[in-house]
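Student: give the three-dimensional model of this entry:
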Amino acid sequence: MTVTASVASIAARCLRTPGAVDPDTPLALLGLDSLSTIELVAELEMAFGCELPAEVLIDCADVRSLAARISAMRAAQRPAERQDPFELMIADAVLPDDVRPARVAAPGTDLRKAPRILLTGATGFLGGALLEELLATTDAEIVCLVRDPSRIPPAASRVRLLTGDLSHPRLGLSLARFDELGDSVDAVLHGGAAVNWVYPYTGLRAANVSGTLELLRLACRRGVPFHFVSSLSVCYPADGPQTVDERYEALPNLRDVHLGYAQSKVVAETVVREAGARGLPVRIYRPALISGHSTSGAFNPDDLITALVRGCVHMGTAPDLDWKLDSQPVDVVARGILALSGEAGPVFHLGHARPRHWRECVLWMRMYGYRIRLLPYHAWLRQLDAETAPSSDDAASHPLRPLRTFFLNRHAGARGLTLPELYEESRRTLATSTSTLAALSSAGVEPPPLDAALLDTCFGAFRAAGKLPDPIPCEAPPAARSFLTPGALGAVLGREVASVTVADTGSTHSIVSELTAWRSQRPTGLFATRVGLEDGSELNVRLKAKAADIDVIAVGEALAGLVDPAVGAAYARWSDRIGFTASHVREIGIYRQVDPRFTRHAPALLGSTVDEASSTWLLALEDVSGAALMNSADTPGAWQRGDIEAALAGLASLHAIWYGREEELRQQPWIGYVPSSAGMAEMQDLWTALAAHAAPAFSSWADPGIAALQRRLIAGIPRWWRVLETAPRTLIHHDFNPRNVCLRNGTLCAYDWELATIGAPQRDVVEFLCFVLSPGCEAAEVQDWIEFARVALEGASGSRIDGHEWQVGVRSALCDLMINRLATYALVHRIRRQSFLPRVVRTWWRLHEQFPLEEHA
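Tutor: Residues are numbered from 1 along each chain as shown. You can find the predicted model right below:
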């Protein structure tokens, strides 16, 4: 095929043109735009092995002139420059035969025991932290190989600066100096590299591959331990294994790695491994993303995430990508490398036990005060392209201008995807860090949680350095009163307390709780606490510190506005009816009930306090963490028939307390907003926006007809919701599912009552069944459980409950569950994955088939 025919074929593919492309037709007439320009240039560069200038499609407007330019460029190239880049990588991955330890290897690899260490990268972000950690925890003399000694501030007398360059033969040293260095150091810690998210392999090869090879030669002179800092990005091939651990060797999947930096680390790792096979003691460390210092927030201004955060604030939008931010603070990574240096390894993954989703970070940024909204990725790309184009007045100062090609270029061999798309969770390999994290834990190195407090520290540093504007200020909360002191907790418990130990803090599944705690600037959530009493005994107590309802509502508004502007606007309009109003006092009021039917089926209340002046609302509860089926939302098969019977029987006892006493219940000061059919109908804009947002996911999980069904349900609210209002109502949990219930000694124990409200008892019943039954449940089984719940409530309340009316209420309760609760779960699912949700939606669809609303139209 001629060059002209090849260019025409590639242009047809990139422009999605069904027929052949006329070589003399201007490409602009065939639909060439800014994004397809980037894709076309990338495809041509890969096909012809030459780098094309950015303006090539301005100078060459059609296929014929473009082919002529490429032919001229190829003719001018030296033969070596036309080499397949992957062939060059494979050739570079072969360790020369003369690179092997000349002596018996050193007996140990622990950097903390080495008298003299050669450190590379000391002027870099991680390298600087490694230097600090070496000075703080060892007595070693540290030789720092640096290109510019002036970039290292005056250091301890144990630091020796040596001018050199990783990209030069012998590290830029004379032969005598190179040999002297090799004969005098006891370990090599190679943390230096050219880090660039845009450069191809060839642009990074000299520093990252050739430099590593030179350092291996040096280490082999005396067989000293060689510690190599690689990157977890080597584990992310586009079509690699589903999961890999520390044993993974990246070279076989090199062709599916499309980031030049990661390619250079794959090749460098390979030669390091081979040196290890020849007898050199080697250790390889693969850090995930490296964030700012855990206490100071000091950050790398050239880092991808730093630039992306700045860019999103600048643009007012963030790309809606399915990214996990696997990250550790720079000082923790440095501490971890030294702690692991004496372990067997030889490879370590420095990832986080609980990485966070990119959307969670964006939500926090919105809570922080930056008005950011999520945009579909390709819409965000169009905005980025326009704002960073050379013709844009703002391009030069745009934080993402240097990373323009990282986001916009589409890679040949990657199905036309950009690099950020290749790193989405559904496409990339999952790299686990289990073994490394266990070793770090044994060494006493615990990475801090990637939570709002850490983000607050990092963003404070960004602002102090002038990298971010000040956010819209939030109203300062009143001063918090500590409840984790013996005196304060003793007052709550009414006991003499000698000591308080917090074993666990916060909630592991509620992003709302976490961000509410950050917004209110006080500890809120659930705290597992061991309380030592003055008499020598101990109590295990669950302390639940409540946030003010206004803080919870603010987080909900931020979440809704981030993922969907229409949902956000409607949510803000009806925020006082969502269910969070008075939630901070409602749960305390409910736990203070003394009815034996409640105390039998809820954690025991050991004490409580309400202090409006200091915004303190606190519950001290019995610890039920050892109960059966705790947090079992993701394991529905664990709920056996006897378990479901116990839960529904206990639920009937709870419902019986207030059954038929609605007017009295309305008088309780903690009850909050009580839903009604008229109020629900007024909120149709919210239900419609939530349904539209959830419909694509629900349709793929359950049935394509679910979107149309949701619209019908919303239109019919005035009719079917009245059933839930006119029948006898009671206090319902309103979040009754295996996330908030368990079995204690075979009996139901329900907790987390903040969403409780006045409602039809069927609402709790159908929610529970959607969680514990399988999507394939039979109609007879569903009918049995619905009837079991009716009979149980009839017996517990002493009231006759008509079977037909009960079933009509079940149908309406299922409708309410869909438009009110499941659609809201879908909102949270966008930010933090709710793994139970697809199955619950499928089970809901199955139950709706058994109890269709149309039967009582």
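Student: where does the prediction get shaky in the stretch 51-200 of the chain?
Tutor: The model of the stretch 51-200 of the chain has pLDDT under 70 over residues 51, 53-55, 58, 76-83, 104-106, 155.
Student: go with 80
Tutor: For the stretch 51-200 of the chain, the stretches flagged by pLDDT under 80 are 51-59, 73-84, 104-107, 151, 153-156.
Student: where do the strands sit along it?
Tutor: Under the criterion DSSP state E, counting those that start in this stretch, strands of the stretch 51-200 of the chain are mapped to 116-120, 141-146, 159-163, 187-190.
Student: and those as TSV, adding mean neighbour count?
Tutor: Glycine gets a C-beta too; all of them are placed from N, C-alpha and C. Listed next are the strands of the stretch 51-200 of the chain as TSV, based on neighbours: other CB atoms under 10 Å:
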stretch	mean neighbour count
strand 116-120	24
strand 141-146	23
strand 159-163	16
strand 187-190	27
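Student: tabulate these (a markdown table), appending distance to residue 773.
Tutor: Below are the strands of the stretch 51-200 of the chain laid out as a markdown table (distance: least, CB to CB, whole Å):
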| stretch | distance to residue 773 |
| --- | --- |
| strand 116-120 | 59 |
| strand 141-146 | 63 |
| strand 159-163 | 66 |
| strand 187-190 | 56 |
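Student: for residue 436, find the nearest of those.
Tutor: Closest to residue 436 of the strands of the stretch 51-200 of the chain, according to CB to CB: strand 187-190, at 17.5 Å.
Student: what sits closest to residue 599 if chain neighbours are left out?
Tutor: residue 593 (7.5 Å; CB to CB, 6 or more residues apart in numbering).
Student: actually residue 26, sorry about that
Tutor: residue 61 (4.8 Å).
Student: you'd agree the one you found is up against residue 29?
Tutor: No: the criterion here is CB atoms under 8 Å, and residue 61 misses it with residue 29 at 9.4 Å.
Student: can you name every helix or strand that the helix or strand harbouring residue 655 contacts?
Tutor: Using DSSP states H and E, residue 655 falls within helix 641-658. Secondary-structure packing of helix 641-658 (3 or more CB pairs under 8 Å, 6 or more residues apart in numbering; DSSP states H and E): helix 596-600, strand 730-732, strand 741-744, strand 747-750, helix 762-772, helix 779-797.
Student: about what we covered before: more neighbours: which of residue 61 and residue 29?
Tutor: residue 61 (16 against 10; other CB atoms under 10 Å).
Student: contacting residues for the more buried one?
Tutor: 26, 27, 28 (CB atoms under 8 Å, 6 or more residues apart in numbering).
Student: tell me how far it lies from residue 485.
Tutor: Distance of residue 61 to residue 485, computed by CB to CB, to the nearest Å: 75 Å.
Student: report the rounded mean pLDDT for stretch 530-541.
Tutor: Regarding stretch 530-541, the rounded mean pLDDT is 92.
Student: how far away is the residue nearest to residue 26 from residue 32?
Tutor: 9 Å.
Student: quick one, strands of the stretch 351-500 of the chain?
Tutor: Here the stretch 351-500 of the chain has its strands, by DSSP E, counting those that start in this stretch, at 356-357, 373-376, 430-431, 497-505.
Student: the last one packs against which elements?
Tutor: Under the contact criterion of 3+ CB pairs under 8 Å, 6+ apart, strand 497-505 touches helix 486-493, strand 525-533.
Student: could you check the angle strand 525-533 makes with the shortest one?
Tutor: In other words, helix 486-493. Note on geometry: by axes from the mean of the first three to the mean of the last three CA atoms, to 10 degrees, helix 486-493 and strand 525-533 are set 100 degrees apart in direction.
Student: packing partners for helix 486-493?
Tutor: strand 497-505, strand 525-533, strand 538-546, strand 605-611, strand 616-622.
Student: check which residues of that helix are buried.
Tutor: Neighbour counts using 16 or more other CB atoms under 10 Å place 486, 488, 489, 490, 492, 493 of helix 486-493 among the buried residues.
Student: what's in contact with it?
Tutor: Counting by CB under 8 Å, 6+ apart, 481-483, 496-500, 529, 531, 539, 541, 543, 606-609, 618, 620 sit against helix 486-493.
Student: filter the residues you listed to the buried ones?
Tutor: The neighbour count (16+ other CB under 10 Å) marks 483, 497, 500, 529, 531, 539, 541, 543, 606-609, 618, 620 as buried among the contacts of helix 486-493.
Student: CSV please, covering those and showing distance to residue 435.
Tutor: As requested, the buried ones among the contacts of helix 486-493 are exported to CSV (distance: CB to CB, whole Å):
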residue, distance to residue 435
483, 39
497, 40
500, 35
529, 32
531, 36
539, 37
541, 35
543, 34
606, 40
607, 43
608, 44
609, 45
618, 40
620, 39
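Student: quick check, nearest of those to residue 668?
Tutor: After measuring those against residue 668 - CB to CB - the closest member comes out as residue 608, at 15.6 Å.
Student: distance of residue 725 from residue 563?
Tutor: Remark: distance between residue 725 and residue 563 (CB to CB) = 31 Å.
Student: send the alpha carbons of whichever strand or helix holds residue 827 over as PDB?
Tutor: Using DSSP H and E, residue 827 sits within helix 823-831. Taking C-alpha atoms only, helix 823-831 is exported to PDB below (Å, rounded to 0.1, in the frame of the first residue of the first chain):
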ATOM      1  CA  ALA A 823     -32.700   6.700  42.900                       C
ATOM      2  CA  THR A 824     -30.900   8.500  45.700                       C
ATOM      3  CA  TYR A 825     -28.500   5.500  46.100                       C
ATOM      4  CA  ALA A 826     -27.700   5.900  42.500                       C
ATOM      5  CA  LEU A 827     -26.600   9.500  43.200                       C
ATOM      6  CA  VAL A 828     -24.200   8.300  45.900                       C
ATOM      7  CA  HIS A 829     -23.100   5.400  43.600                       C
ATOM      8  CA  ARG A 830     -21.600   7.900  41.200                       C
ATOM      9  CA  ILE A 831     -19.200   9.100  43.800                       C
END
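Student: which parts of it are buried?
Tutor: 823, 824, 826, 827, 828, 829, 830, 831.
Student: wait, isn't the fifth one in contact with residue 556?
Tutor: Same thing as residue 828. No: shown here, residue 828 and residue 556 do not form a contact pair, counting by CB under 8 Å, at 9.5 Å.
Student: quick check: closest non-adjacent residue to residue 563.
Tutor: Nearest non-adjacent residue to residue 563 (CB to CB, 6+ apart): residue 830, at 4.7 Å.
Student: hmm, I typed the wrong one, I wanted residue 731.
Tutor: In this structure, residue 731 finds its nearest non-sequential neighbour in residue 658, 4.3 Å apart by CB to CB, 6+ apart.
Student: any idea how far the one you found is from residue 305?
Tutor: Distance, residue 658 to residue 305, using CB to CB: 50 Å.
Student: ditto for residue 405
Tutor: Taking CB to CB as the measure, residue 405 falls 18 Å from residue 305.
Student: and the residue nearest to residue 330 when sequence neighbours are not counted, what does it touch?
Tutor: Leaving aside its sequence neighbours, residue 330 sits nearest to residue 129 (CB to CB, 6+ apart; 4.6 Å). Contacts of residue 129 were listed using CB under 8 Å, 6+ apart, and they are 293, 330, 331, 333, 334.
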